[in-house]
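Student: pasting a predicted model and its sequence here:
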Amino acid sequence: MYLSFPNIGATPACLTWRRLIAFFVQAQSEGYRRMIDLHVHSTFSDGSLRPTQLAEEAAKAGLHAVALTDHDTVDGIPEFLGACERMGVLGIPGIELSIDVPRGTLHMLGYWIDLPHAELEQILRHLRTAREERNRQIMERLYALGCNLTWEDVKAFAGEEVVGRLHFAQALEAKGYVKSKDEAFERFLGKGKSAYVNRYRLSVEQSLRIIRAAGGVAALAHPFTLELSPSALRAAVAEWKNYGLSAIEVFYSEHTPEQERQYLALSKELDLVAIGGSDFHGAANPAIRIGRGFGSLVVPDEIVDCLRARRPVAA
Ligand SMILES: [Zn+2]
Ligand SMILES: [Zn+2]
């Protein structure tokens, strides 16, 4: 009698066992449902999937929320938000602005940008014109260096994307001027090389001001690309917080566990929201998957509410 199942089920030990199983099953299913990705790119910048396809991929991956953060453009957002709504995924309108820094790379993410926003869109138009002018100058310099590319040669590699240095590198390789894209950057296109042309970029202060003016929340992307020591990074981030920085990208495909710990500690110390995303570009970098990065990325959805709470009061 004492071996009968209901009786065993009534013992405290068995209740614990059952609870553990239930908790495990629940954690498994909720774990997938609750993942988010706050950093993905579409064909409107340098990704290979259209905004609609991104929303579909996010739904397939079981993501609860996904933010479109194309480089210096918000043109993909209307399509993205419509597709997210159809797929039952929370779509967050975002952007990733390129910032002028003397060394390294500084990208500023913005979330919940209110569109249309005349001033932001005017700035983005200006950045686009500056980029086109830069491309024209790169072409001229390459010609002077003996590399005769046409605009069609370069554009062929960009497709719908905005033309950038990578497409010049691909065209140089295809035309046989270099053996690889790396060589193209080493000889011609890298910072300080013979065909390198600086382009107009926003300052940190400008980027923070315009993101907040558009009702958005600003987050520093992948801090390691700033190439700063931990103490210099801390000083810079503390200063930017005074200009309106609200968050820092802590969970990121390419962060080492040590970097993740460092940035998490920094976010706690400076009261910034610790956010995360894959920087998914589709076929441009097939090793990175939406929501999962290289496979171990986990960005919990509690972050959405923490981040949203930092929106400017007037928004
Ligand atoms: Zn970036
Ligand atoms: Zn990015």
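Tutor: It's in. Ligands and ions are numbered 1, 2, ... in the order given.

Student: just the buried residues of stretch 277-296, please?
Tutor: Within stretch 277-296, the residues that count as buried by 16 or more other Cβ atoms under 10 Å are 277-282, 285, 288-293. C-betas here are computed from N, CA, C, even on glycine.

Student: how about TSV for those, with pLDDT and secondary structure added?
Tutor: Shown next, in TSV, are the buried residues of stretch 277-296 (pLDDT from 0 to 100; DSSP: H, G, I helix; E, B strand; the rest coil):
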residue	pLDDT	secondary structure
Gly277	97	strand
Ser278	97	coil
Asp279	97	coil
Phe280	97	strand
His281	94	coil
Gly282	94	helix
Asn285	87	coil
Ile288	96	coil
Arg289	96	strand
Ile290	96	coil
Gly291	95	coil
Arg292	94	coil
Gly293	95	strand
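
Student: what about ligand 2: which of these touch it?
Tutor: Contacts with ligand 2 within these, counted by Cβ under 5 Å from the ion: Asp279.

Student: list phi and psi for the residue of the stretch 201-315 of the chain found nearest ligand 2.
Tutor: Across the stretch 201-315 of the chain, the shortest distance to ligand 2 (Cβ to the ion) belongs to Asp279, at 4.4 Å. The phi/psi pair for Asp279 (degrees, to the nearest 10) reads phi 60, psi 40.

Student: so can I have JSON lines of the buried residues of stretch 277-296 showing distance to Leu63?
Tutor: As requested, the buried residues of stretch 277-296 are exported to JSON lines (distance: Cβ to Cβ, whole Å):
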{"residue": "Gly277", "distance to Leu63": "11"}
{"residue": "Ser278", "distance to Leu63": "10"}
{"residue": "Asp279", "distance to Leu63": "15"}
{"residue": "Phe280", "distance to Leu63": "11"}
{"residue": "His281", "distance to Leu63": "16"}
{"residue": "Gly282", "distance to Leu63": "15"}
{"residue": "Asn285", "distance to Leu63": "18"}
{"residue": "Ile288", "distance to Leu63": "14"}
{"residue": "Arg289", "distance to Leu63": "11"}
{"residue": "Ile290", "distance to Leu63": "7"}
{"residue": "Gly291", "distance to Leu63": "5"}
{"residue": "Arg292", "distance to Leu63": "10"}
{"residue": "Gly293", "distance to Leu63": "13"}
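
Student: is it true that the residue of the stretch 201-315 of the chain closest to ligand 2 touches Ser45?
Tutor: No - if you go by Cβ atoms under 8 Å, Asp279 and Ser45 don't touch, sitting 11.4 Å apart.

Student: which element, helix or strand, includes whichever residue of the stretch 51-200 of the chain sits closest to ligand 1?
Tutor: Closest to ligand 1 within the stretch 51-200 of the chain is His107: 3.6 Å, counting by Cβ to the ion. Assigned by DSSP states H and E, His107 falls within strand 106-111.

Student: same thing with Ala59?
Tutor: helix 51-60.

Student: next, the buried residues of that helix.
Tutor: So helix 51-60, judged by 16+ other Cβ under 10 Å, has buried residues 51-52, 54-59.

Student: same question, stretch 71-78
Tutor: By neighbour count with 16+ other Cβ under 10 Å, stretch 71-78 contains the buried residues 71-77.

Student: ends of that stretch, what's the gap?
Tutor: With Cα to Cα, to the nearest Å as the measure, the ends of stretch 71-78 fall 16 Å from one another.

Student: likewise for stretch 43-62?
Tutor: With Cα to Cα as the measure, stretch 43-62 spans 22 Å from end to end.

Student: which residue lies nearest the spatial centre of the chain?
Tutor: The residue lying closest to the centre of the chain (Cα atoms, centre = their mean) is His39, at 3.1 Å.

Student: the helix holding Ala59 vs ligand 2: in contact?
Tutor: No - for helix 51-60, no contact with ligand 2 is found by Cβ under 5 Å from the ion; the gap never falls below 12.8 Å.

Student: right, and the helix or strand after that helix?
Tutor: Note on helix 51-60: by DSSP H and E, the next helix or strand toward the C-terminus is strand 65-68.

Student: show residues contacting that following strand.
Tutor: 36-42, 51, 54-55, 58, 76-77, 80, 84, 89-94, 111, 277, 290-291, 301, 304 (Cβ atoms under 8 Å, 6 or more residues apart in numbering).
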